[in-house]
Structure formats: C-alpha cells, structure tokens
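Q: I'll drop the sequence and a predicted model, then ask my questions.
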Amino acid sequence: MTVPIRVKPTARQLEYQQWEFGLFLHFGLRTFYEGYVDFDKRPMSPSAFRPALLDCEQWIRTAKEAGMNYAVLTAKHHDGFSNWPTRYSTFSVAHSPWKDGKGDVIREFTDACRKYGVKPGLYYSPYDGSADFYTQDAKAYDDYFVNQITELLTNYGDIDILWFDGCGSEDHEYDWPRIIGEIRRMQPNILIFNMGDPDFRWVGNEDGIAPDPCWNTVDATEFSILTDEADRLAERLWLPAECDVQLRSNWFYSDNDLHTLKTLEELMGLYSLSVGRGANLLLNIGPDREGRLPPADTDRLLAFGAEIRRRFGSPIATLSDFAGSDGKWEVTLPEPQLIDHIVIGEDLTDGECVRSFVLTVVTAKTRRRVRMYEGRCIGHKRIVRLPAVKVRGVALEILDSEGEPNIRELSVFSAGDGDTLTDK
C-alpha cells in the first residue's frame, strides 16, 4: 500500500495558526448610513464620513487585552469607499470633511497595531460598486486593483494579512497571476485569504463554526456567501481555515442591534467550535460613528478574553506529566479530580499525521478505564469538552495516523466553577 505524501505547511502558515484569535473591524462610509446593506442602491457621499473621536488605539488595545493576536480592518468594502487617501478614486477619506480631508484610517490602524504588538491585516473587496468600469473594462479594473493594492502594501510597512472577500465577484474574472505576482513581489511574507493564491481559507459560513473534522489540506475552497460553488484547486493544498463571525447581527455598526450582542456563553461555544476544531476565530465588531468600539461590545470582548484565560489558563496536567510511547500518552493524577476539558495539539511542521484518536479516563472509584471520546483530526488544537467527571487518570491513544504522530500539547483542565458564566 502506498502512503500518500503529506502536504506540509509553510513556516508562515504555521505562524498564522498559532495566532488563533483575531479582531475583525468593519468600518467605513457605511458606518454613517444606518441600515445600509451589501450592494445597497442608495447613494452615499464622503461628506457623511465624520468619525470625530476616531481612536484606533482603543480598538487594538482592547483586542490585545482580550488575548487577540491579529486584527483585520476593512480598507475597502463592496461599496468602494477607501479608508485611505487613494490617488485612484474620489470616493475616499480624502474627499471627506474628517480632518479636512487629510485623515488616513489605515495609517492610524497600522500604527496602533504596531504599538500594541498586534498583527495588522487589511480587508480589500475585489468587487467595487463605485468603479463604473468594474463590469465594462476588465483590464482597466485590474489596473485599478493593482494600483490600490500597491498603495496599501507600500505605504504602511509590513502587512501580515490581505483579506479578499469574494462576495460580489461570482461572475468576474480577475488577472490573478498579475495581481498576485505584484502582491508577492511587494510583500513576500504576506498571508492571502481565500482568493487568487490563498495561504488560508474561509471556513464556508459566517457563523463561526468549523466542521468536524476540519482538515488542513483541501482540494477546493468556498469563496463567497452568495454561491455554493467552490473553486477547485489544481492539487491538494495546506490551507488552514478561518471562522469569521459577528459579535452583533451586523458587520457594520448599527443603532438597532444591541439586543443581538452575543452572550458570553455563546462566545465560549463558538471558541470551542472554531479554535477548538483547529481553525482560527476572527470576531467582528463595528466601530461606532465616533470611531470607537461601543462600550457594550468592548465589555463583552474583554469578558470573553478573560473567560478564555480563566477556563484554559491553569491546567492540572500538561504534556510533560504524561508518559508516552507507541502512540499512547497516559497520566495518573495525584488524587481524583473533576475534569471537563482536554486540549490536544499536533505538531504540524511535517504535515497532519493523526487520522483518528481516542481519549480514555480511569474512573475515580472503581479505577476502570472508560472510553470518553473518539475523534478524527487533532490539527493545531482540539478542545474536547466532557461532562464533568471525576477521574484518576487520562489517556490519549492514536488509532490511525500517516507516519509517526508528534503531539505538542496535551492538557487536562479541572471542571472547577466552569459553569458559572455570566454576562455582567
């Protein structure tokens, strides 16, 4: 039997997977038009863009305090409004009254990211509702595309992520070889999301939920919420998944959706269903019309970060406590403990080996071995949540793998007061 050659990640892709948790920021001219939706026919004017108290440092400081490692800001959404003073459109901050047309949201955002040690990412919609030639002159639009991307990638230092949203691009052909060639030439270390020549992929929904299993190698990518059609790849590629989801029911700020703010309990569930299935979690907040994260959103995000740290900050056993051999790792606890989470991580440097695994516990009273959970992939991180159970020991056994598995993380967590979540 021929063992298939494992696809291996680049060092940059592995670094991205270690970031795990990021902040999505939808902010722009749409922020100032209540109820404006994607592809809305209502005209908008740059004269409405007036974020009097814009504070990108507040955005990124909050993200850092919540434990986020990267942030992605809408440089240009589908409406085409540019959050920087582009030379190639009059539909930008340069034609707004904000700072007398001398403001630059991208500059303030990237400076804030560097101040607080958060990786900066820029969202750029290939579709542009403000460019009259988008559907009429493909070559002219490709020129525009390259010119704007060149501004973003040459004027603001190193950018870690370029996030392409495929929504609206279902029937449009871009000169991807030219566009990607220029991007890679300008910033060789940049990570591209989902289109052209992706380094990581969209999970396929906007609910923050990764499938189970969520393998890192795929032969197709989904690129738009508006179609079920997938882009077939020429070969299987290592493309880790990212789960994007809103904190409220809208991507951009609204006066009318505070009641939809996700509870702490739901956010912890989404964390388990994204990061806990080996994907990254990109959580969206829409800064308000003053240019700040709203107080309720800020409080909820900080509570979320604090709960992640509380829940997973103090394991009662780690990999160094386990004895491992022949694809099996076991630990005996000093005394019976009530546990409810086990976290496993595979070293993915040489690709994804594990194809199935089982977790077993040694019961507290009768010291019997009971199989508690069986899964398929482990990937970067697998959070296994169990009903609270008192045990004397825990064992991980790899049932099937392509090559020798290398476990880099194995942690056991006490149930403690893990069921005392509040939204205060």
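A: Everything's here; your move.
Q: Need the CA coordinates for the helix or strand harbouring A388. CSV is fine.
A: In this assignment (DSSP states H and E), A388 forms part of strand 382-401. Output in CSV follows, covering the C-alpha atoms of strand 382-401 (Å, rounded to 0.1, in the frame of the first residue of the first chain):
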residue,chain,number,x,y,z
ARG,A,382,-8.5,20.2,19.6
ILE,A,383,-10.6,21.2,22.6
VAL,A,384,-12.6,18.2,23.9
ARG,A,385,-15.3,19.2,26.2
LEU,A,386,-16.6,16.4,28.5
PRO,A,387,-19.5,16.3,31.0
ALA,A,388,-17.8,17.0,34.4
VAL,A,389,-16.4,13.6,35.5
LYS,A,390,-14.2,12.7,38.4
VAL,A,391,-11.1,10.7,37.3
ARG,A,392,-7.8,9.3,38.5
GLY,A,393,-6.2,9.3,35.1
VAL,A,394,-6.4,10.3,31.4
ALA,A,395,-5.0,8.6,28.3
LEU,A,396,-4.7,9.6,24.7
GLU,A,397,-4.3,6.9,22.1
ILE,A,398,-3.7,7.5,18.4
LEU,A,399,-5.7,4.9,16.5
ASP,A,400,-4.7,5.8,13.0
SER,A,401,-2.0,8.0,11.5
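Q: Can you tell me which residue is spatially central in the protein?
A: When CA atoms, centre = their mean is applied to the chain, the residue found nearest the centroid is L282 (3.2 Å).
Q: Going by contacts, tell me the helices and strands next to the helix or strand containing F304.
A: Following DSSP H and E, one finds F304 within helix 295-312. Contacts defined by 3 or more CB pairs under 8 Å, 6 or more residues apart in numbering; DSSP states H and E place helix 295-312 against helix 56-65, helix 264-274, strand 280-285, strand 328-346, strand 407-414. C-beta here means a position set from N, CA and C on the backbone, and glycine is covered the same way.
Q: if we can go back for a sec, ok and the strand holding A388 relative to helix 295-312, angle-wise?
A: Orientation check (axes from the mean of the first three to the mean of the last three CA atoms, to 10 degrees): strand 382-401 against helix 295-312 gives 50 degrees.
Q: Which elements pack onto strand 382-401?
A: Using 3+ CB pairs under 8 Å, 6+ apart, the elements in contact with strand 382-401 are helix 264-274, strand 328-346, strand 354-363, strand 369-375, strand 407-414.
Q: how about the helices and strands packed on helix 295-312, which one is nearest Q246?
A: Nearest to Q246, of all those, is strand 280-285, at 4.7 Å by CB to CB.
Q: who are the neighbours of the closest one, in terms of helices and strands?
A: With contacts taken as 3+ CB pairs under 8 Å, 6+ apart, strand 280-285 sits against helix 11-19, strand 21-25, strand 241-246, helix 264-274, helix 295-312.
Q: can you list contacts of that strand?
A: Outside strand 280-285, the residues that touch it by CB atoms under 8 Å, 6 or more residues apart in numbering are 16-17, 19-26, 68, 72, 200, 208, 240-248, 251, 267, 270-271, 274-275, 293-294, 297, 301, 304.
Q: avg pLDDT for stretch 406-416?
A: Average pLDDT, stretch 406-416: 95.
Q: So for it, what gets flagged as buried?
A: Using 16 or more other CB atoms under 10 Å as the test for burial, stretch 406-416 gives I407, E409, L410, S411, V412, F413, S414, A415, G416.
Q: so what's the third one closest to, chain neighbours aside?
A: Read it as L410. Once flanking residues are discounted, L410 sits nearest to L319: 4.4 Å by CB to CB, 6 or more residues apart in numbering.
Q: Tell me how many other residues surround that neighbour.
A: If you count neighbours by other CB atoms under 10 Å, L319 ends up with 17.
Q: Pull the contacting residues for I344.
A: Residues in contact with I344 (CB under 8 Å, 6+ apart) are F357, I378, K381, R382, V384, L396, I407, E409, L410.
Q: ditto for Q13
A: For Q13, counting by CB under 8 Å, 6+ apart, the contacting residues are L191, D199, F200, W238, P240.
Q: Kindly provide the distance from it to T217.
A: 11 Å (CB to CB, to the nearest Å).
Q: okay, and the common contacts of these two?
A: Residues within reach of Q13 and of T217 at once, by CB under 8 Å, 6+ apart, are W238.
Q: Go ahead and confirm the residue nearest to L410 touches V412.
A: No: look at L319 against V412 with CB atoms under 8 Å: they stay out of range, at 10.2 Å.
Q: In the chain, where is pLDDT below threshold?
A: Applying pLDDT under 70 to the chain flags residues 1-5, 223-229, 417-424.
Q: quick revisit: output the contacts of Q13 in JSON lines; the columns should cover neighbour count and distance to E352.
A: JSON lines is the format used below for those (neighbours: other CB atoms under 10 Å; distance: CB to CB, whole Å):
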{"residue": "L191", "neighbour count": "23", "distance to E352": "19"}
{"residue": "D199", "neighbour count": "20", "distance to E352": "16"}
{"residue": "F200", "neighbour count": "25", "distance to E352": "15"}
{"residue": "W238", "neighbour count": "21", "distance to E352": "8"}
{"residue": "P240", "neighbour count": "25", "distance to E352": "10"}
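Q: now for those residues, which pair is the farthest apart?
A: L191 and W238 (12.3 Å).
Q: Quick check: which of the helices and strands packed on strand 280-285 is nearest to R184?
A: Comparison of the helices and strands packed on strand 280-285 against R184 by CB to CB identifies helix 11-19 as nearest, at 11.9 Å.
Q: Counting neighbours, what do you get for E65?
A: Neighbour count of E65, defined by other CB under 10 Å: 14.
Q: so can I have JSON lines of the contacts of I344 showing distance to P315?
A: Formatted as JSON lines, the contacts of I344 follow (distance: CB to CB, whole Å):
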{"residue": "F357", "distance to P315": "19"}
{"residue": "I378", "distance to P315": "17"}
{"residue": "K381", "distance to P315": "13"}
{"residue": "R382", "distance to P315": "15"}
{"residue": "V384", "distance to P315": "13"}
{"residue": "L396", "distance to P315": "14"}
{"residue": "I407", "distance to P315": "14"}
{"residue": "E409", "distance to P315": "10"}
{"residue": "L410", "distance to P315": "9"}
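Q: And the strands in the stretch 151-300 of the chain, which stretches?
A: For the stretch 151-300 of the chain, applying DSSP state E, counting those that start in this stretch gives strands covering 161-164, 191-193, 201-202, 217-222, 230-238, 241-246, 280-285.
Q: Let's have these in JSON lines, adding distance to D175.
A: As requested, the strands of the stretch 151-300 of the chain are exported to JSON lines (distance: least, CB to CB, whole Å):
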{"stretch": "strand 161-164", "distance to D175": "14"}
{"stretch": "strand 191-193", "distance to D175": "15"}
{"stretch": "strand 201-202", "distance to D175": "21"}
{"stretch": "strand 217-222", "distance to D175": "19"}
{"stretch": "strand 230-238", "distance to D175": "16"}
{"stretch": "strand 241-246", "distance to D175": "25"}
{"stretch": "strand 280-285", "distance to D175": "28"}
